[in-house]
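Enquirer: Below are the sequence and a predicted model for it; my questions follow.
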Amino acid sequence: KGHEFQSLQKSPYLQVILGAILGIIPGCIGGFAAVSLFTHSVINYGAMLAAMIASAGDDAFVMFAMVPKTALIITAITFILAIVVGFIVNIFVKKFPLPAHANHGLEVHHHHGEYEKVLGSFKGNMKNITFERALLIVGISLFIISLASGLLEHDHSAHGGHDHVHSTAVINEHNHDYEHVHSADCNHENENENEHQQHQLHSHSHDGGFMFSERWLNLIFVGVGLITLIIICLAKNHFLTEHLWGHIIKHHFLKIFLWTFDTLLLIYILMQFVNVESWMRDNTFVILILALLIGIIPQSGPHMIFITMFAAGHIPFSILLANTIVQDGHAGLPLIAETKLGFFSMKGIKIVFGLTAGLLGYFFGFL
């Protein structure tokens, strides 16, 4: 009935804080929620912007895995920055112009009776199953099975094998040099050290293999999918046909799917012809500009290069921070599908603050 949003809509500042909290949730879920609330006029533009500044998309998982201390620092900085910028924007932007198709408000029911309860009887729903319910059950079930079976995962075995061979070669080379500078009496110690290092490498490859794969992340979405499937099975016909099917599927799904598909297809084609790593030179300022430009891409993945380069010590903290401020994972895709002005104005504002953070580090070494 919308009771939860009444107090929220009365407080622009509470909306900004909520947006920042949604943004710091690792992954794109918080950003998706903020965009949905924004396009339904539940939260204002400043709150949506706060969520996008605080969000690092799915790359947040990788950042917490590779450089956890730095990830916590960046999360704290972007959270505070998101609230400050959101408050400032709310002073100057009282009402953001949304397209007519997007600015329709959140549909709620104020009447009682049949529509008061969302969930019904599983037995009754299955006995008189509708076409919409059957299609949704089949679709969500196939999605869950595909994720659980690993069908939708990338194959990293070749890359992992190369890393293992390379690391083993480095260890063998280290032991070869070590044996040259020590006497024959230390041979036994060298063998023990070699076995210990090989054991460490083996253990690390197994731990890191799961940590850096999308397997565990997909299992989270399996859980979300199961919850969705339960709701579809138990929801009353009115809620399912009028809201899940009539509003989300018919009104939003196709448009967002096409924008997402077209954008990812374009990015994939560009990545085949453009090697981002080859652009990286010793010029830090050039890398900063690249970090800002790549941050515009509404996808999780291209930004990972800056995480790995920072972890390897090739770029300063300010470059990683600048890229994190500008990028927001896939959360920008539903926004650009609903309002182009909202997407590009959001990215423009984020570039200003990302560039400021990067220049502070570049000229003054603050970061």
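Expert: Sure thing, it's come through.
Enquirer: At the geometric centre of this structure, which residue do we find?
Expert: Gly57 (2.0 Å; CA atoms, centre = their mean).
Enquirer: For Pro298, see how far away the closest residue to that one other than its chain neighbours is.
Expert: In this structure, Gly57 finds its nearest non-sequential neighbour in Gly329, 1.6 Å apart by CB to CB, 6 or more residues apart in numbering. (Glycine included, C-beta is placed from N, CA and C.) Applying CB to CB, to the nearest Å, the value for Gly329 to Pro298 is 8 Å.
Enquirer: what's Ala34 in contact with, if anything?
Expert: For Ala34, the contact set (CB atoms under 8 Å, 6 or more residues apart in numbering) comprises 19, 22-23, 43, 47-48, 51-52, 331.
Enquirer: nearest to Gly246, of these?
Expert: Nearest to Gly246 among these is Ile43, at 23.6 Å by CB to CB.
Enquirer: helix/strand/coil for that closest one?
Expert: coil (DSSP: H, G, I helix; E, B strand; the rest coil).
Enquirer: the helices in the stretch 201-350 of the chain, which residues?
Expert: Secondary structure of the stretch 201-350 of the chain (DSSP state H, counting those that start in this stretch): helices located at 215-234, 237-238, 254-273, 276-279, 284-295, 304-311, 317-326, 332-338, 340-359.
Enquirer: got the ones you listed as JSON lines, with distance to Met66 columns?
Expert: Listed next are these as JSON lines, based on distance: least, CB to CB, whole Å:
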{"stretch": "helix 215-234", "distance to Met66": "15"}
{"stretch": "helix 237-238", "distance to Met66": "48"}
{"stretch": "helix 254-273", "distance to Met66": "21"}
{"stretch": "helix 276-279", "distance to Met66": "17"}
{"stretch": "helix 284-295", "distance to Met66": "17"}
{"stretch": "helix 304-311", "distance to Met66": "5"}
{"stretch": "helix 317-326", "distance to Met66": "11"}
{"stretch": "helix 332-338", "distance to Met66": "24"}
{"stretch": "helix 340-359", "distance to Met66": "20"}
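Enquirer: what's the most buried one of the ones you listed?
Expert: helix 317-326 (a mean of 27; mean count of other CB atoms under 10 Å).
Enquirer: quick one: contacts for Phe306?
Expert: 291, 294, 315, 319-320, 323.
Enquirer: Check the gap between it and Asp58 for me.
Expert: 14 Å.
Enquirer: picking up where we left off before, for the residue nearest to the centre of the chain, what are phi and psi?
Expert: The phi and psi values for Gly57, taken as degrees, to the nearest 10, are phi 60, psi -160.
Enquirer: Name the nearest residue to Leu217, sequence neighbours excluded.
Expert: Nearest to Leu217 is Phe61, by CB to CB, 6+ apart, at 6.3 Å.
Enquirer: returning to what we had before: now tabulate the contacts of Phe306 in JSON lines and tack on pLDDT and distance to Leu217.
Expert: Formatted as JSON lines, the contacts of Phe306 follow (pLDDT from 0 to 100; distance: CB to CB, whole Å):
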{"residue": "Ala291", "pLDDT": "89", "distance to Leu217": "24"}
{"residue": "Ile294", "pLDDT": "88", "distance to Leu217": "22"}
{"residue": "Ile315", "pLDDT": "83", "distance to Leu217": "25"}
{"residue": "Ile319", "pLDDT": "91", "distance to Leu217": "25"}
{"residue": "Leu320", "pLDDT": "92", "distance to Leu217": "21"}
{"residue": "Asn323", "pLDDT": "93", "distance to Leu217": "21"}
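Enquirer: Check those against Ile73 and report the nearest one.
Expert: Leu320 (10.1 Å).
Enquirer: Phe310 is in contact with that closest one, correct?
Expert: Yes. Using CB atoms under 8 Å, Leu320 makes contact with Phe310 at a distance of 4.4 Å.
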